[in-house]
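S.K.: quick one, structure for this:
(2 chains)
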Protein chains: 2
Amino acid sequence: MLALYHFGPVANSLTPLLCLLEKGVAFDNRYLNSRLWEHHSPEFQAISPEGMVPVLLHDGRVVSESTVINEYVDEVFPEMPLRPADPFQRAQMRIWTKYVDEFFCPALTVLGANNASGFASSIDKSEMDSILKRMPNEEVRLKWATISSRGFDERELEDARRKLGNVAEKLERRLAGGSDWLVDSGYSLADIKWYSMVPGLARLVPDVCNETATPGIMRWLARMQARPAVRALPDYAK
Amino acid sequence: MLALYHFGPVANSLTPLLCLLEKGVAFDNRYLNSRLWEHHSPEFQAISPEGMVPVLLHDGRVVSESTVINEYVDEVFPEMPLRPADPFQRAQMRIWTKYVDEFFCPALTVLGANNASGFASSIDKSEMDSILKRMPNEEVRLKWATISSRGFDERELEDARRKLGNVAEKLERRLAGGSDWLVDSGYSLADIKWYSMVPGLARLVPDVCNETATPGIMRWLARMQARPAVRALPDYAK
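M.R.: Next up is the predicted model:
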């Protein structure tokens, strides 16, 4: 039995969703509504004690972390490989993927979370306090405490925008030169990982990611959006 | 031809060094003295344009990022595997390794860099300015600019110490229960990755990592230090 618990086709939840769809691996769709805090339910915490999403449940064993899930899926279901066969190309795939986890995603999260402050401030303060108390992961709890109280300060927001400018420049440098995909050997888990974040980049920092500044990125986005697996993603928004 | 460029057996440079020694793979030892800024030389930047260390040079191709280098080495030299054969165990190895890159190392770096402020302030200001101008990676340059001017503020240092308390607790929880190594299947790249940082944890936050608070970690450190490959590491400090 294979089941994916996710928040829908966005950010880290999109990563394993798109991998499974590209490979044509059948799975149980376990959508969780993050705004109803469904990932904090005792039922889900029996699977993911820290309430972290996405997680893959495979024959009774739980795999967490979207990047790790995707390499796991590609190892267990070797048809339609999404990792380069050549070890050097595979290393390049991992470098691109790692950069998202360590640099791109944390910077984007600051702006994304800052945008969620409207949602957070719509919640009654005593209710928010009890939601915070239920959050099992300390880093997530501190992030929401920041969003729902002081918000991020201007220095943090400015630093995130600066980093995202570098992210856009790095990706454009790769794609502007005529490369269709991130790794020379072709479409891979690296493109999937980046596709989980680039639409957010274009939305949250439109001045650094747009048709004029980053035409290579926009063409890559169009190539991604033409893929049948990407076109199937909206079916998993519930 | 296989060559490793590194800063000696510490932190991220230790990771691929120990992997190569454990596997018994012969390599050219290319030690760089970080305090003489040897990684900013034009010769090295021809190999690593951003001056990032460690890097592996294999038959003319460059692989960067210590975590990626180790999976590459384990794929290219399959004797003495350091990754579990079972995909689920391998996923656990990657989750442990990823946690170091995304959470443990960045927190430890704040305290380590703060400790380097003595070194930074011993450098003449105009010389430091010209060193900063030569630094090709913006994040590294901003870190050194912080160290050599204002230093980290108390909020950043306190946050790093809080995170490192959680790191020690997480590792102790795994090791206190009688597990010899991080992954059930045995010694792996996960132990190597953690060993690149845990001695720094014990040194920089001795109140949260010591014989009384974390006896399981101390026993694991002793097991690591008994390994022939670990005992050979001091030979690579130059």
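S.K.: what's in contact with the longest helix belonging to chain A?
M.R.: Longest helix in chain A by number of residues (criterion: DSSP state H): helix A:154-176. If you take CB atoms under 8 Å, 6 or more residues apart in numbering or on different chains as the criterion, helix A:154-176 is touched by A:99, A:103-104, A:107-108, A:110-111, A:114, A:152, A:182, A:194, A:198, A:201, A:204-205, A:208-209, A:213-217, A:219-220, B:138. Heads up, the C-betas are built off the backbone N, CA and C, glycines and all.
S.K.: for A:G177, grab phi and psi.
M.R.: phi -80, psi 10 (degrees, to the nearest 10).
S.K.: can you spell out which helices and strands pack onto the helix or strand of chain A with the lowest mean pLDDT?
M.R.: Lowest on mean pLDDT, DSSP states H and E among the helices and strands of chain A sits helix A:117-121, with a mean of 79. Contact analysis of helix A:117-121 by 3 or more CB pairs under 8 Å, 6 or more residues apart in numbering or on different chains; DSSP states H and E lists helix A:138-148 as its packing neighbours.
S.K.: now the helix it packs on: how far from the chain's centre is it?
M.R.: From the chain centre to the centre of helix A:138-148 is a distance of 19 Å (CA atoms, centre = their mean, to the nearest Å).
S.K.: for stretch A:2-9, same thing?
M.R.: 12 Å.
S.K.: equivalent analysis for stretch A:37-46, please.
M.R.: In terms of CA atoms, centre = their mean, the centre of stretch A:37-46 is found 20 Å from the chain centre.
S.K.: pull out the buried residues from it.
M.R.: The neighbour-count check on stretch A:37-46 (16 or more other CB atoms under 10 Å in any protein chain shown) flags A:E38, A:H39, A:H40, A:F44 as buried.
S.K.: the last one belongs to a helix?
M.R.: Yes: under DSSP: H, G, I helix; E, B strand; the rest coil, A:F44 sits within a helix.
S.K.: isn't it right up against A:E38?
M.R.: Yes: under the contact definition of CB atoms under 8 Å, A:F44 touches A:E38, with a separation of 6.7 Å.
S.K.: overlap in contacts, these two.
M.R.: With CB under 8 Å, 6+ apart as the test, A:F44 and A:E38 both reach A:L32.
S.K.: where's A:F103 relative to chain B, distance?
M.R.: 8 Å (CB to the nearest CB, to the nearest Å).
S.K.: that residue: how many residues sit nearby?
M.R.: For A:F103, the neighbour count with other CB atoms under 10 Å in any protein chain shown is 16.
S.K.: now do the strands in chain A.
M.R.: Secondary structure of chain A by DSSP state E: the strands cover A:2-6, A:28-31, A:55-58, A:61-64.
S.K.: with mean neighbour count, mean pLDDT and distance to A:E71 added, can I get those in TSV?
M.R.: Shown next, in TSV, are these (neighbours: other CB atoms under 10 Å in any protein chain shown; pLDDT from 0 to 100; distance: least, CB to CB, whole Å):
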stretch	mean neighbour count	mean pLDDT	distance to A:E71
strand A:2-6	21	98	15
strand A:28-31	14	98	21
strand A:55-58	22	98	11
strand A:61-64	18	98	10
